[in-house]
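Could you work out the structure for the sequence below:
(2 chains)
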Amino acid sequence: MTRIDGIIILDTNGKPLISSHFPQHPPSYATSHIDTFNHALKVAQASPSTSSSTKAELEPILWVNALSRGAAGVGMGGAGLCHVEREGLRFLVPVGRELNPLFAFAFLDSFLETLTEYLGEVTEASIKENFDIVYMLIEEMLDEGHPMTMETNMLKEIVLPPTLMRKLLSAAGVSSIQSPASAPFTAPIPWRKPNVRHSNNEIYFDVEESLDAIIDRKGNLLSSSITGRINCNSRLSGNPDLLLNFGNAKVMTDCGFHPCIRYNRWERDHVLSFIPPDGKFRLLEYQTDTSIGRAQLPLQLKASMSIEDYGGKFSLTLTSRTNARPIEDIVISIHLGQGTSSVSATATGDKRMPGVNSGGLARREENAAEGGVGGGTWEFDPHTQVLRWRLASLTATERAPSLTGSFTSTAQHPVPSPSFDLAFLIQHQTFSGLRIDQLKVAGDVMYKPFKGVKVASKAGRYEVRW
Amino acid sequence: MAALNRLSQRIKENFQESTRDFAIPGGSASTATYFDTSDDKIKEISKLLESRHDKERLEGMKRIIAGISKGRDMEPFFAQVVKNVVAPSIEIRKLVYIYLLRFASTNSDLLLLSINTFQKDLSDQSPLIRSMSLRVLTSIRVPVIQGIVMLGLKKLVNDRNPWVRKTVAGGLAKVYEVDNSQLSSLIPLLQTLLSSQSPLTLGATLTAFVEICPDRLDLLHPYYRHICRLLVDADEWGQAVAVEVLTRYCRAMLEKPEPLTTNADSDDELEGVDIDLAMFLDCAKPLFQSRNPAVVLAMAKAYYHLAPAGHKLVGQEQLVAPVLRLANGKAEVMGLAWEVIAVMSEERPWLFRPRFTSTFLHAADSTYVNLVKLRAMSALHYIRFPDTAVAEEAVRAIGALVRSQPVVASTGLATLMRWLRSNRGEVQPGLADIDNLVGQSVISLKSIILTLPASATPSPRALVARLAKQLPTVTNHNARASVFWLVGQYASSDSPNEHGLGWEGVQAWVPDVLRQAVKGFAEESSIAKLQILTLSTKVAALAPASSQLTLLTQYLFNLARYDASYDVRDRGRLLSSLLRGVVSEADTEEDQGGVVLRREQVKAVLLGQRPVAEKQSVDAELEAGSMSRVLRRRMVGYEGLPEWTNDPTDSNLRDSEVEHQKPPAPTSMGSHIPPPAIPVHLSSSVTSIARSPSTSNASPVGSAPIVKSKFQDLDAFLDSETEDETESEEE
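Reported below is the predicted structural model:
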């Protein structure tokens, strides 16, 4: 009920790179998990992916028939295999006994975060280079499957990160590690190292909101939700006790807090009171309760699609409804269905030369070079059967750009995805209107820190049906 | 800076120098170094381990660990590694510990040599060393030293450093695993840990509790309120465990909350809720805002199973928003969160209903997520998805939706029927997927029709008739079989006087279906053949007076007798003898013995009420949010929550000196069992209304006057039918 079995890291070829010890289980335990996983992956990759995405999809937890040791000795049992993928590497967590299924994933998430903190980036090379550190981390984070020391700041005192200094010292033959700077296991705040010093005291907040929306073919908003997160990079000395005020905190309804945040203070005053960890961390995630109205949608897409035998026609028109800021990095994509062989389309827009394409199997670079940016560029990837239309930016005053064209297919009745996916970015603005107002510092510190705030909003899963 | 560069350059050279010996020729320099474990290199490890320099011994240990991860046998080095236990460098020691933990059980004799070192370290100044040595000591699973281990645990259980106490908690379970007769001496240690004022140890302590004595919930009485208070400040992992333990405790020990009373004037905000239960729910409520999905899920389960519905402060509605937040989170979590929502909304549809728009599918989501979302709630739109797996689940979900939400039944039915019609002619032989989709639609329809009350509009009979009309276009075997079965089930007629061709008691269009079926009998799959046989038997039993139908049935039995499939032959024999009491006045001369059923009995056999079964529901008893439920298999260690106790414990038990401030005076404990707080399961109430068509009264044999009328074929019947289908589309 409270433990996972261990952790296995597979390289990009499905070979084990790191495997924790499974003392509770027969020696074949790890291998049978690896085999099951690789087999499932192969099956998923081989099957003609019917979905619009090209990645092979596996269920988040696989069932593994494995020898396991139960209460009554060794016997055929089974285990759940939780897995995630990062940079082509696979991280597997076998679970032999009933467990809160998110426990394993939360652990994996935490583990990966720690690895990133230690190794910079988690790749096959970086893991191989620092395998001893990875093993030590696993050892400290997992005590026979129970999460043990999970706070990165604390781990860093026990398992030293691979810094240049350490390499220097070890190469020079000096044993530096005898007495770490501060005594481990004595910090009063689990997530914060004692005696942090920075010459410049600064803290950065990075607010990012994303909008999920479904718009039906008549332009009605079927559902929408805004999720946001505030990432933080704290470089403050001592133990600062921060108090963060928001412009309209009420918009944040369902929050997920970093453990450093004091719950009751939030409940009472809707302010964030916390002693931050040192370095980068996610302060909170939130959802807003107010779903926005149809009129507030920043970007409108008029889409029509008609299906004929062996092909179809489509026509798209984009309008910006955001007066203040340009909308950037707009990508509109749709999966045109199995068997789509070619697409021809014309993108038109304001000011700049229209880009014309025909029969395009790949992106026509010359379009961009000729300056057909007003109507953007489009591309069709015959492998994934996805049509993409990109625009670098769009303002409300511009003439609405459009893309019209047709596609051919080897299937008599092509089945394109029923909706267009939209992606875009708007800087310096939140959908919800959330603002960071004021930061007060208390605690044992005497300085006034520099506060930096960055705000952006983007489309999450934003789709327009046709 | 330049100096530093030069230094690093020199060091780098130095490093390359010292590693050159064991680099693979042509291999990528440093990464390959440790992973090169050819036999020669392994020999060098011994040399390194015996070295006087820390650096070389560290090198040796690293290579050993690398060897382990390559799957090499590193056990021969055990003796040499053990010697390094006393190394002054923590880094070396850590690697040694990793090694020892792996091979300790097979080399206990050698390991015993170093026990003294560990024992000494238990008194070390550094809490890190104390904790590490205790961890190694408890992990050596050798029965001989359990005495020493127990001493160590007892020594450190009152350590002033909470991290060390955390290690003690972890050690308890390990000792118990080796020797469970120690339980009686472990429990006092556990109790000491439970009374700890530090939230840091809470998780590890309750984890130990779960591992050692999960059933001794009574041990928690004096600590219950203490734990509730510490909960907010515990670490995330501890919170996840603690919430689960407390949920279990509340079910077993506290009184079930009463359903909300209607008078809202009452000042007592926690009316009807046991004071201790309210305390848990209230203390834990902030944890809904944890960033850790495991905690949020544990909380959702707690509220799902404990909280009263509709309560302002601690109602189970509280869980909806946080779970939906998970469902918008990271990809892996998303799928599982929807899985939980699916299960919860199957069981309590009202819970997530206000937020139903969240369940709309996004084309960008993974197939898995979309499949589960559909189970969570079915939207009529999604059959258009190119992914046939999703479309199929959509059809199934519409079926589930119609059954659980009668309001939308007509829309759902209309969509399914229209969908079936629109696909006519488009079913291409190669597209097995589409074929399955049609099959699933029919099967969904079948289960919907069975649950409809006879008075519904459109009436189940009309639906069956329309389905029967689709028969020529349906190729899926299961679907065809289902239609034949349905026709048989709904063949009886309430209006015997209408046509009078001798088949009164039978719907006018049914014989035509049967005729067509008999005509194509040879081409049917055996599963459909079985159902055709059943259909004809039913018809014969309903209208024994009609010689035409009897002859048709007789003809069919003859066909079945020489069928290739023995199942069909068997079924034919079975059914024909079943019918003996109904049709065979002619050949009574030879008594074949055995029991002959009368017509009413035959009808009861053939047309009796059938339970509505559909794919799923096998795993319904597995709890929402458990891994077993996700995998649809009962895992080792799965244990459902206990039912609410009928005999709640006295709240005085939970008063104790561990408490600092006393909670408000406990409410008096009523001995009565409160009525269920949870509203009646919606879909089950629907099923209870559903009635089988067999209950409709058919006239006894021959009692109806025979009125001549024209034979009506199926098309004619359908044309005469009023078009009551409402074609509203949800867009």
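
Does B:His253 touch B:Thr649 like I think?
Check again: residue B:253 is Met, not His. Yes. If you go by CB atoms under 8 Å, B:Met253 and B:Thr649 touch, sitting 4.7 Å apart. C-beta coordinates here come from the backbone N, C-alpha and C atoms, glycine included.

If you count surrounding residues, which of these two has more?
B:Met253 (24 against 19; other CB atoms under 10 Å in any protein chain shown).

give the contact list for that one.
B:Leu217, B:Asp218, B:His221, B:Thr645, B:Pro648, B:Thr649 (CB atoms under 8 Å, 6 or more residues apart in numbering or on different chains).

pLDDT and distance to chain A for the residues you listed - can I get that in JSON lines?
Listed next are the contacts of B:Met253 as JSON lines, based on pLDDT from 0 to 100; distance: CB to the nearest CB, whole Å:
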{"residue": "B:Leu217", "pLDDT": "88", "distance to chain A": "14"}
{"residue": "B:Asp218", "pLDDT": "88", "distance to chain A": "18"}
{"residue": "B:His221", "pLDDT": "89", "distance to chain A": "21"}
{"residue": "B:Thr645", "pLDDT": "82", "distance to chain A": "20"}
{"residue": "B:Pro648", "pLDDT": "82", "distance to chain A": "24"}
{"residue": "B:Thr649", "pLDDT": "82", "distance to chain A": "23"}
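
With respect to A:Ser273, which of these is nearest?
B:His221 (34.3 Å; CB to CB).

and the nearest residue to that closest one once chain neighbours are set aside, how many neighbours?
Distances taken as CB to CB, 6 or more residues apart in numbering or on different chains place B:Leu653 nearest to B:His221, at 4.2 Å, with adjacent residues excluded. Other residues near B:Leu653 come to 14 when the count uses other CB under 10 Å.

Looks like B:Leu653 contacts B:Tyr223 (just checking).
No. Using CB under 8 Å, B:Leu653 is not in contact with B:Tyr223, being 10.9 Å away.

returning to what we had before: for the residue nearest to B:His221, what are phi and psi?
Here is the backbone geometry of B:Leu653 (degrees, to the nearest 10): phi -60, psi -30.

Next, find the distance separating it from chain A.
24 Å (CB to the nearest CB, to the nearest Å).

again, but for B:Ile145
Following CB to the nearest CB, the distance that separates B:Ile145 from chain A is 16 Å.

Regarding that residue, what is its secondary structure?
The three-state label given to B:Ile145 by DSSP: H, G, I helix; E, B strand; the rest coil is helix.

same deal with A:Pro94?
Assignment for A:Pro94 (three-state DSSP): strand.

any idea of the pLDDT on it?
We have a pLDDT of 90 for A:Pro94.

Kindly list the main-chain dihedrals of A:Arg192?
In this entry, A:Arg192 is assigned phi and psi values of phi -130, psi 130 (degrees, to the nearest 10).

now check stretch A:410-420, is it near chain B?
Yes. Using CB under 8 Å from any CB of the partner chain, stretch A:410-420 reaches chain B at A:Gln412, A:His413, A:Val415, A:Pro416, A:Ser417, A:Pro418, A:Ser419.

Verify the contact between the first one and A:Glu308 for me.
Right, A:Gln412. No. With contact defined as CB under 8 Å, A:Gln412 does not count as touching A:Glu308 (9.7 Å).

Which elements pack onto the helix or strand where B:Glu91 lies?
Using DSSP states H and E, B:Glu91 maps to helix B:90-103. For helix B:90-103, the packing partners by 3 or more CB pairs under 8 Å, 6 or more residues apart in numbering or on different chains; DSSP states H and E come out as helix A:131-141, helix B:54-69, helix B:78-83, helix B:127-139.

Nearest approach to B:Tyr562 belongs to which of those helices?
Per CB to CB, nearest to B:Tyr562 of those: helix B:54-69, 67.4 Å.

Tell me where the stretch 1-150 of chain A has strands.
Secondary structure of the stretch 1-150 of chain A (DSSP state E, counting those that start in this stretch): strands at A:8-10, A:16-19, A:61-70, A:73-86, A:89-95, A:142-143, A:146-147.

Which one of these has the poorest average confidence?
strand A:61-70 (a mean of 71).

in the stretch 1-150 of chain A, which ranges drop under the pLDDT threshold?
A:1, A:47-56, A:66-77 (pLDDT under 70).

Closest residue of it to chain B?
Using CB to the nearest CB, the single residue of the stretch 1-150 of chain A nearest to chain B is A:Arg97, 3.5 Å away.

likewise the stretch 101-250 of chain A?
In the stretch 101-250 of chain A, the residue that lies nearest chain B is A:Ser223 (3.5 Å; CB to the nearest CB).

and stretch A:143-161 with chain B, contact?
Yes. Contact of stretch A:143-161 with chain B (CB under 8 Å from any CB) involves A:Asp143, A:Glu144, A:His146, A:Pro147, A:Met148, A:Thr149, A:Met150, A:Glu151, A:Ile158, A:Val159, A:Leu160.

In helices only, show me those.
Mapping these onto helices (DSSP state H) picks out A:Ile158.

Throw the residues of stretch A:143-161 next to chain B into JSON lines and include neighbour count, thanks.
Compiled in JSON lines, the residues of stretch A:143-161 next to chain B are given as follows (neighbours: other CB atoms under 10 Å in any protein chain shown):
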{"residue": "A:Asp143", "neighbour count": "23"}
{"residue": "A:Glu144", "neighbour count": "23"}
{"residue": "A:His146", "neighbour count": "22"}
{"residue": "A:Pro147", "neighbour count": "26"}
{"residue": "A:Met148", "neighbour count": "20"}
{"residue": "A:Thr149", "neighbour count": "24"}
{"residue": "A:Met150", "neighbour count": "22"}
{"residue": "A:Glu151", "neighbour count": "21"}
{"residue": "A:Ile158", "neighbour count": "19"}
{"residue": "A:Val159", "neighbour count": "25"}
{"residue": "A:Leu160", "neighbour count": "18"}
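
now, among the residues of stretch A:143-161 next to chain B, which is nearest to A:Arg268?
A:Arg268 has its nearest neighbour among these in A:Glu151, at 26.6 Å by CB to CB.

low-scoring stretches of the stretch 351-466 of chain A, by residue?
Low-confidence segments of the stretch 351-466 of chain A (pLDDT under 70): A:351-374.

can you list the residues of it near chain B?
Going by CB under 8 Å from any CB, the residues of the stretch 351-466 of chain A near chain B are A:Gln412, A:His413, A:Val415, A:Pro416, A:Ser417, A:Pro418, A:Ser419, A:Asp421, A:Arg461, A:Glu463.

Mind checking which of the residues you listed are buried?
A:His413, A:Val415, A:Pro416, A:Ser417, A:Pro418, A:Ser419, A:Asp421, A:Arg461, A:Glu463 (16 or more other CB atoms under 10 Å in any protein chain shown).

which residues of the stretch 351-466 of chain A fall in strands?
Going by DSSP E, counting those that start in this stretch, the stretch 351-466 of chain A shows strands at A:355-356, A:377-381, A:386-394, A:402-409, A:419-427, A:436-443, A:450-465.

A:Glu57 - how many residues pack around it?
18.

Thought A:Gln45 was touching it, still the case?
No. Between A:Glu57 and A:Gln45 there is no contact under CB under 8 Å: 9.7 Å.

Let me see the ranges of the helices in the stretch 101-250 of chain A.
Assigned by DSSP state H, counting those that start in this stretch, the helices in the stretch 101-250 of chain A fall at A:101-119, A:124-129, A:131-141, A:152-158, A:164-171.

Packing partners of the third one?
What that stands for is helix A:131-141. Secondary-structure packing of helix A:131-141 (3+ CB pairs under 8 Å, 6+ apart): strand A:16-19, helix A:101-119, helix A:152-158, helix B:29-35, helix B:54-69, helix B:90-103.
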